[in-house]
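Chemist: for reference, the sequence and a predicted model appear below.
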Amino acid sequence: MLFEPRKRNRRKQSSPQEGEVASRWSLSWLAPLLTQGLKPVLGMSGALVGAALLVWGLMTALDRPIAQVQVGGQFHRVAPVQIEAAVAPFRGAGFLSIDMDALRAALEKIPWVDRVRVERRWPKSVRVLITEHVPAARWGEDGLMNTRGELFLQHVQHLPPELPQLVGPDGTQEEVAKLYLESYPRLLAVGMRLAKVELDPRGAWALTLSNGVQVRLGRQNVQERLERFLRVASPMVAARGAAVSYVDLRYSNGFSVGWNPVTQVAHDPKDLTSDG
């Protein structure tokens, strides 16, 4: 024949088995890398798990139930039965798992307790150190304030009569205590004891000395008026305190004195102007 059919070059299709072999051959180089790469990871994971189990085992062994609560401090107002009642819910707790903050808070709720320090004592004890409030003044008719000027107890039936009395509207405890703490040492330096500090609803201040003399400071320039009393009027009050009822310093350039038998005016009686 002149013309023979042209033979077409057809690509030979590989069988599925051959393709799988080729693929396996092409990825085979990854196997060693993956195997070698996983070994450190698996080793580290195992070490962490082992360490965690060891720590858990040690904590379980050390977390023994609390066998004793040791209480220290000087108590004058706090009763042992109050401490027992506050500690009772925590008995049987673990040495490590006991909630120390909750224990401290429970003890600080006891009346007259100021501060509490708690600490663990190896192997299964807890030590509690309690500090009581130190009363420094009475607040109103039935409250007590500590040395920081904080009202820590109300509705007290028996108040120490020797404590000074602070009086003022609700919410003014800090302000009244501040004037007391500032005035007390200054009066003591001139031989006078402060028995009462009062702030009335109008904002006027008055001090009462231990001999019953009232020092009226008013609403304005309180520190300046107190300084005037200490500098000018206190010698007269010290000399004739039994006859003096009050010293009124609510003037711009002087003061007046109220006497027990009769009322008289002292120290520059003319041209005194009161400014409240």
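Modeler: All right, it came through fine.
Chemist: could I get the full set of strands for the stretch 51-200 of the chain?
Modeler: 68-72, 113-121, 125-132, 135-139, 143-146, 151-153, 165-167, 194-199 (DSSP state E, counting those that start in this stretch).
Chemist: domains of the chain?
Modeler: Structurally, the chain divides into domains by automatic domain parsing as follows: 68-132, 135-259.
Chemist: sorry, back to before: same list (the strands of the stretch 51-200 of the chain) but as CSV, adding mean pLDDT.
Modeler: Putting these into CSV (pLDDT from 0 to 100) gives the following:
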stretch, mean pLDDT
strand 68-72, 89
strand 113-121, 94
strand 125-132, 93
strand 135-139, 95
strand 143-146, 95
strand 151-153, 94
strand 165-167, 97
strand 194-199, 97
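Chemist: contact partners for Thr208?
Modeler: Under the criterion of C-beta atoms under 8 Å, 6 or more residues apart in numbering, the neighbours of Thr208 are 194-198, 214-215. No exception for glycine: its C-beta is placed from N, CA and C like everyone else's.
Chemist: tell me the one of these nearest Ala204?
Modeler: Among the contacts of Thr208, Glu198 lies closest to Ala204 (C-beta to C-beta), at 8.6 Å.
Chemist: look up which residues are beta-bridged to that closest one.
Modeler: With DSSP bridges as the criterion, the beta-bridge partners of Glu198 are Val167, Ala206.
Chemist: distance of it from Ala206?
Modeler: With distances defined as C-beta to C-beta, to the nearest Å, the gap from Glu198 to Ala206 amounts to 5 Å.
Chemist: any stretches of the stretch 151-276 of the chain with poor pLDDT?
Modeler: For the stretch 151-276 of the chain, the stretches with pLDDT under 70 are 262-276.
Chemist: 50 instead, please
Modeler: Screening the stretch 151-276 of the chain residue by residue with the criterion pLDDT under 50, one finds the ranges 263, 269-271.
Chemist: who's in contact with Ala238?
Modeler: With contacts taken as C-beta under 8 Å, 6+ apart, Ala238 has the following neighbours: 190-192.
Chemist: and with 10 Å instead?
Modeler: Contacts for Ala238 were tallied using C-beta atoms under 10 Å, 6 or more residues apart in numbering; they are 190-192, 209, 211, 213, 244.
Chemist: same check, this time on Val213
Modeler: The neighbours of Val213, taking C-beta under 10 Å, 6+ apart as the test, are 192, 195, 207, 233-234, 237-238, 240-247, 257-258, 260.
Chemist: drop anything exposed from those residues.
Modeler: Buried positions within the contacts of Val213, assessed by neighbour count (16 or more other C-beta atoms under 10 Å), are 192, 195, 207, 233-234, 237, 241, 244, 246-247, 257-258.
Chemist: tell me the two of the residues you listed that are most distant?
Modeler: When the buried ones among the contacts of Val213 are compared pair by pair using C-beta to C-beta, the two farthest from each other are Ala195 and Val257, 18.7 Å apart.
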